[in-house]
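J.: Sequence plus predicted model, see below.
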Number of protein chains: 2
Amino acid sequence: MGSLPVSTFKPLDIKALLEEIPVMAAFIADYYKDIETYPVRSKVEPGYLHRLLPDSSPRFPEPLTTILNDVRNDILPGLTHWQSPNFFAYFQANASNPGILGEMLCAALNVVGFNWISSPAATELETLVMDWMAKFLHLPREFTFASGGGGVIHSSTCEAVVCTMAAARDTALARIGFEGITRLVIYASDQTHFTFQKASKLVGIPPANFRVIATSAVGTTAVGAVDPLAPLGELAREYGVWLHVDAAYAGACAACVEYGQYFEGLDRADSFSTNPPKWLLSNMDCCCLWVKNPSPLVSSLCTDAEILKNDASEAKRVVDYKDWQISLSRRFRALKLWLVMRSDVEMAEQFERMVGMDERFEVVAPRRFALVCFRLRPKKGGSCEMNRKLLEAVNASGRAFMTHAVVEGKYVLRMAIGATLTEERHVLGAWKVIQEMADGIISEDDQ
Amino acid sequence: MGSLPVSTFKPLDIKALLEEIPVMAAFIADYYKDIETYPVRSKVEPGYLHRLLPDSSPRFPEPLTTILNDVRNDILPGLTHWQSPNFFAYFQANASNPGILGEMLCAALNVVGFNWISSPAATELETLVMDWMAKFLHLPREFTFASGGGGVIHSSTCEAVVCTMAAARDTALARIGFEGITRLVIYASDQTHFTFQKASKLVGIPPANFRVIATSAVGTTAVGAVDPLAPLGELAREYGVWLHVDAAYAGACAACVEYGQYFEGLDRADSFSTNPPKWLLSNMDCCCLWVKNPSPLVSSLCTDAEILKNDASEAKRVVDYKDWQISLSRRFRALKLWLVMRSDVEMAEQFERMVGMDERFEVVAPRRFALVCFRLRPKKGGSCEMNRKLLEAVNASGRAFMTHAVVEGKYVLRMAIGATLTEERHVLGAWKVIQEMADGIISEDDQ
């Protein structure tokens, strides 16, 4: 044997780590202490960071305290603060204690669970937690492993949509032959999340075959509306179409029986996905996808490489998650979801209390869940410009951050309530900013 | 306004977090103290965890200490320990202090950087770090943002391959029309990583058009061989083919000038990817992809949704990473890579010392980097079964874990050296296990 590294370079040094973790914890605590003092949406200009940091990596190692000083001075001002209680934009991506601790443990163990043998607990905890979550959300039993279906944790809804669309495509092509790919057609409403169109293009469906159906004030991401699952399920069954239900945001509400009406007909879907960081406090990234029948998914995504062969897989006694997702590598995300589900089971009760808001201004789409779409009432000659100004004024104030949508040609403000730290005073505060800015814009408009 | 949640439910409670983090840190320290006492490859049987844990989520919240007890008793025995110094399987996925701390900070800030405005620092630090990394690896200048190219952090090599393949497909289809998708052909060697075939199918290339070229003892993942980039680059240029160079494992060696020969011709590639967790201590997940010209990638993956519109994007003054990857959502992975690059710059020097090994038995493919492919010398009547038994005996011992490959019909053992905690004594120890098990198998065979 030749000589192997004998060196003082110890990149994984637990003794040092035990000294560094409290430093990081204190930094995090400081960040949260000050979080309401930062503008919610960052005020930096494009290119700001390149003016602050060197353009090459350093020549010598730097201590954590130096790096954290740079995070404080250079990075924090450039963040849009997703955990701020004044964040009402897009949908939330919520952190929680067990979510953060779960990520920490996941990083420390740093196992890779692409197939069962590469770390059995990673796969088995994921199958278990996905069955737990299916029960928590009152999903039809056929979606659980216990009943022949099953779930997987993806990085995002986009991944879930790409994978189910590939499975749907291959199911159709098995009937008509691969040459038929140019004849496959996708129908979507004009409010369908753009992920759907991106996924469709990614899996090779001709972009011209993506047919958009105009709708009235219903939709999904923009205004929080829910498609009627039961009649769609009937249609899908009649025409042999794969039905995927994406409930990235509202899926969490399935935990509350009061919202059961929105999920009626889900038993006719082939697959269902929801995004726990949005409302179930599970930190980025984490998207839960369930299928009733794993075979088409696995058949589209499986790989069979000599290097991965092992007895458990050959005997078909295990789930190999590499065949349920795009990537081979995967983090142990189930650990985090498991910690969250064990620590935060009060979540379901909280939802009921989180949706009790009145509307001012004009509410454009009926409110469901905790998303309010509103605008300044139009005056002679339209209101788009006025509402656009209002939103920009609110966001530029740094006191709250919300986004917008265009529904039936109307420009509306979207206030998504649900950040973990948001209390009544933050919603009231945001409302006050809106009113102040509206005062200015209306009086300006009247002159 | 109606009433909003007034509750004692505080899922994100920094005071509590400051008490929980030290508990988690102590748990992690214990894990590493004991890591060499666990069997490297888990010895559990399929389904073991379902026998230990309840089949529904708990009704009441449980404290962290209870959950960590379950991790210790139920999860750890089911792990295959990727951070064990006796892990020589697949390729490594290495953790490090800055990698773990970076993940911790990423989870605590929990920002989502899909476009620039959604958290400017997340995008800007990523463009900066990708330029740093490009310099560190001596990549051709055209791959940097500074010279019109650019890089993005994906979750995995699979994602990088899917995205570049979609870009290559759409570049070709722009010439021949979308109907031509059924005529597109992929050529690959029989040793090409299976990701390539999976990605090809995922983007809609007919599986029958994936043409496999038989090779002699060269390849990639299995034996750590490197394709000759310069002549391949010439061919690609001649035929107008997109050339992607995947150096998931060996890419890190580009940092050392001694390995420069393997990267000659890289200037002719359109894109290049490498996986820092394998050799650059960056924890899962993290794959760096660079392109010389971002336009085809962005054109294939871009989305244009009303809800994401903002001034900075409209003015094309910023990078919107959602258009460089599959997913919309993305974690702030650049933070981790930045911490690692600032803390562990001694890495490059270490590589030189990590590859000085002799070979015993029969070395099947020439050794490059820190991967050795070997087998027991064949006796009359072949050696596959004998070497398969040897590998299983080594792995079942729990004292080391390595994997296998089949090259030119020969079953070989693959010993990938490079776990962060591996020292000379672990390699010597593994060698001792191999010899002991070989003694048993050879004498059994002689009887």
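T.: Perfect, thanks for sending it. Because the structure is a prediction, the values reported are computed rather than measured.

J.: Would you indicate which residues of the lengthiest helix in chain A are buried?
T.: If you go by DSSP state H, chain A has its longest helix at helix A:424-446. Going by neighbour count (16 or more other Cβ atoms under 10 Å in any protein chain shown), the buried part of helix A:424-446 is A:H426, A:V427, A:G429, A:A430, A:W431, A:V433, A:I434, A:M437, A:A438, A:I441. Using the backbone N, CA and C atoms, a C-beta is placed for each residue, glycine as well.

J.: how close does the last one sit to B:E314?
T.: If I follow you right, that is A:I441. Going from A:I441 to B:E314 by Cβ to Cβ, to the nearest Å gives 21 Å.

J.: Looking at the buried residues of helix A:424-446, which two lie furthest apart in space?
T.: The span of the buried residues of helix A:424-446, defined through Cβ to Cβ, is set by A:H426 and A:I441 at 22.4 Å.

J.: need the contact list for the residue in chain A positioned nearest to chain B.
T.: Residue nearest to chain B within chain A: A:G204 (1.8 Å; Cβ to the nearest Cβ). Shown in contact with A:G204 (Cβ atoms under 8 Å, 6 or more residues apart in numbering or on different chains): A:R169, A:I181, B:R169, B:I181, B:V203, B:G204, B:I205.

J.: Now list the buried members of the residues you listed.
T.: A:R169, A:I181, B:R169, B:I181, B:V203, B:G204, B:I205.

J.: and those, which of them are in strands?
T.: Secondary structure from DSSP state E places none of the buried ones among the contacts of A:G204 in strands.

J.: Nearest to B:Q92 among those?
T.: Using Cβ to Cβ, the buried ones among the contacts of A:G204 come closest to B:Q92 at B:V203, 29.2 Å.

J.: ok, the closest one to chain A distance?
T.: Using Cβ to the nearest Cβ, to the nearest Å, one obtains 6 Å as the distance from B:V203 to chain A.

J.: hey, where'd the strands end up in the stretch 151-300 of chain A?
T.: Taking DSSP state E, counting those that start in this stretch, the strands of the stretch 151-300 of chain A run over residues A:186-189, A:210-213, A:244-246, A:271-274, A:287-291.

J.: any chance of these in JSON lines, with mean neighbour count and distance to B:M133 too?
T.: Listed next are the strands of the stretch 151-300 of chain A as JSON lines, based on neighbours: other Cβ atoms under 10 Å in any protein chain shown; distance: least, Cβ to Cβ, whole Å:
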{"stretch": "strand A:186-189", "mean neighbour count": "16", "distance to B:M133": "38"}
{"stretch": "strand A:210-213", "mean neighbour count": "12", "distance to B:M133": "36"}
{"stretch": "strand A:244-246", "mean neighbour count": "23", "distance to B:M133": "35"}
{"stretch": "strand A:271-274", "mean neighbour count": "27", "distance to B:M133": "33"}
{"stretch": "strand A:287-291", "mean neighbour count": "28", "distance to B:M133": "28"}
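
J.: how about TSV for those strands, with distance to A:T37 added?
T.: TSV is the format used below for the strands of the stretch 151-300 of chain A (distance: least, Cβ to Cβ, whole Å):
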stretch	distance to A:T37
strand A:186-189	41
strand A:210-213	44
strand A:244-246	36
strand A:271-274	33
strand A:287-291	32
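
J.: rank the ones you listed by mean pLDDT and give me the bottom one.
T.: Between those, the one with the least mean pLDDT is strand A:186-189; it has a mean of 84.

J.: Now do it: everything it contacts.
T.: Counting by Cβ under 8 Å, 6+ apart, A:196-197, A:200, A:205, A:209-215, A:218-220, A:227 sit against strand A:186-189.

J.: neighbouring strands for it, and are they parallel or not?
T.: strand A:210-213 (parallel) (DSSP bridges).

J.: Run through the residues that contact A:V212.
T.: Contacts for A:V212 were tallied using Cβ under 8 Å, 6+ apart; they are A:A188, A:S189, A:D190, A:T192.

J.: Quickly note the distance from the last one to A:I213.
T.: Spelled out, that is A:T192. A:T192 is 9 Å from A:I213, by Cβ to Cβ.

J.: Against which helices or strands is whatever helix or strand A:I28 lives in packed?
T.: Secondary structure assigned from DSSP states H and E places A:I28 in helix A:14-34. Contact here means 3 or more Cβ pairs under 8 Å, 6 or more residues apart in numbering or on different chains; DSSP states H and E; on that basis helix A:14-34 packs against helix A:64-70, helix B:14-34, helix B:97-109.

J.: Restricting to C-alpha, output that helix in PDB.
T.: C-alpha atoms of helix A:14-34 as PDB (Å, rounded to 0.1, in the frame of the first residue of the first chain):
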ATOM      1  CA  ILE A  14     -17.400  17.100  15.600                       C
ATOM      2  CA  LYS A  15     -15.600  18.700  18.500                       C
ATOM      3  CA  ALA A  16     -15.300  21.900  16.400                       C
ATOM      4  CA  LEU A  17     -18.900  21.500  15.300                       C
ATOM      5  CA  LEU A  18     -20.100  21.500  18.900                       C
ATOM      6  CA  GLU A  19     -18.400  24.900  19.300                       C
ATOM      7  CA  GLU A  20     -19.800  26.200  16.000                       C
ATOM      8  CA  ILE A  21     -23.400  25.200  16.400                       C
ATOM      9  CA  PRO A  22     -24.100  27.500  19.300                       C
ATOM     10  CA  VAL A  23     -22.600  30.400  17.300                       C
ATOM     11  CA  MET A  24     -24.900  29.600  14.400                       C
ATOM     12  CA  ALA A  25     -27.900  29.200  16.800                       C
ATOM     13  CA  ALA A  26     -27.200  32.700  18.300                       C
ATOM     14  CA  PHE A  27     -27.000  34.100  14.800                       C
ATOM     15  CA  ILE A  28     -30.300  32.600  13.900                       C
ATOM     16  CA  ALA A  29     -31.900  33.900  17.100                       C
ATOM     17  CA  ASP A  30     -30.600  37.400  16.300                       C
ATOM     18  CA  TYR A  31     -32.100  37.200  12.900                       C
ATOM     19  CA  TYR A  32     -35.500  36.300  14.200                       C
ATOM     20  CA  LYS A  33     -35.300  39.000  16.900                       C
ATOM     21  CA  ASP A  34     -34.800  41.600  14.200                       C
END
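
J.: Thanks a lot, catch you later.
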